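J.: what follows is a protein structure lacking sequence information:
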């Protein structure tokens, strides 16, 4: 380039190139699969007698919704909550209800505050995660699932601290979702 700056790698990544395009399958499936794997990861990490691991699937749902609001529609709380209900051990329908309500609340927050900062996102996510964990504790019976109030004192701060990391993981998955592959037209 004579007289100009060479383009940066980040600028080339999203530019239209010859024979390169996004995979529509990856663009749709990566958010859904990462949330489903997060729901499974909570059960893989349950080595204690009570649930001390935060709900990774729910953290990823909140993170995906904050990073890319248009990727997950509002109705996606139903199938994703259904999948989480199958593995969480809570009464059937609790995650369906709470995940759907979460997406509705996040849609209303997005409409009310379209320009947010990281601190506002973290505060909103912290409130949602805390409410979700407390409501899951109230939906589940303490004798049946072995959930104690002491577990809440560990699980809530841990989930709040892991919320930015789940956001980073969702952002990494989003970059992988937008990778361009060679196409034949």
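T.: Looks like it arrived, so ask away. Note that the structure is a prediction, hence the values are computed from the model and not measured.
J.: quick one: contacts of stretch 97-104?
T.: Residues from elsewhere that reach stretch 97-104 (C-beta atoms under 8 Å, 6 or more residues apart in numbering): 58, 61-62, 65, 72, 74-78, 80-81, 84, 128, 132, 135-136. (Glycine included, C-beta is placed from N, CA and C.)
J.: please repeat the previous calculation with a cut-off of 6 Å.
T.: Residues outside stretch 97-104 that contact it (C-beta atoms under 6 Å, 6 or more residues apart in numbering): 74, 77, 78, 80, 81, 128, 132, 135.
J.: for this protein, longest helix please?
T.: helix 149-177 (DSSP state H).
J.: check which helices and strands it sits against.
T.: If contacts are counted by 3 or more C-beta pairs under 6 Å, 6 or more residues apart in numbering; DSSP states H and E, helix 149-177 sits against helix 24-44, helix 56-67, helix 118-139.
J.: how about low-confidence regions in the protein?
T.: Applying pLDDT under 70 to the chain flags residues 1-20, 45-51, 141-147, 182-185.
J.: highest mean neighbour count out of the helices and strands packed on helix 149-177?
T.: helix 56-67 (a mean of 26; mean count of other C-beta atoms under 10 Å).
J.: coming back round to it: now the helices and strands packed on helix 149-177 in CSV, with distance to residue 171?
T.: Putting the helices and strands packed on helix 149-177 into CSV (distance: least, C-beta to C-beta, whole Å) gives the following:
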stretch, distance to residue 171
helix 24-44, 11
helix 56-67, 6
helix 118-139, 12
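J.: quick one: which of these is nearest residue 170?
T.: Across the helices and strands packed on helix 149-177, residue 170 has its closest neighbour in helix 56-67 (4.0 Å, C-beta to C-beta).
J.: heading C-terminal from that closest one, find the next helix or strand.
T.: Under the assignment DSSP states H and E, the closest C-terminal helix or strand after helix 56-67 is helix 77-88.
J.: what residues sit buried inside that following helix?
T.: Buried residues in helix 77-88, defined by neighbour count with 16 or more other C-beta atoms under 10 Å: 77, 80, 81, 83, 84, 85, 87, 88.
J.: next one: the nearest residue to the fourth one once chain neighbours are set aside from residue 114, what distance?
T.: What that stands for is residue 83. Nearest residue to residue 83, sequence neighbours excluded (C-beta to C-beta, 6 or more residues apart in numbering): residue 36, at 5.4 Å. Here the distance between residue 36 and residue 114 works out to 29 Å (C-beta to C-beta, to the nearest Å).
J.: from residue 131, how far out is the most centrally placed residue in the chain?
T.: Most central in the chain under C-alpha atoms, centre = their mean is residue 60, positioned 1.8 Å from the mean C-alpha point. According to C-beta to C-beta, residue 60 stands 17 Å off from residue 131.
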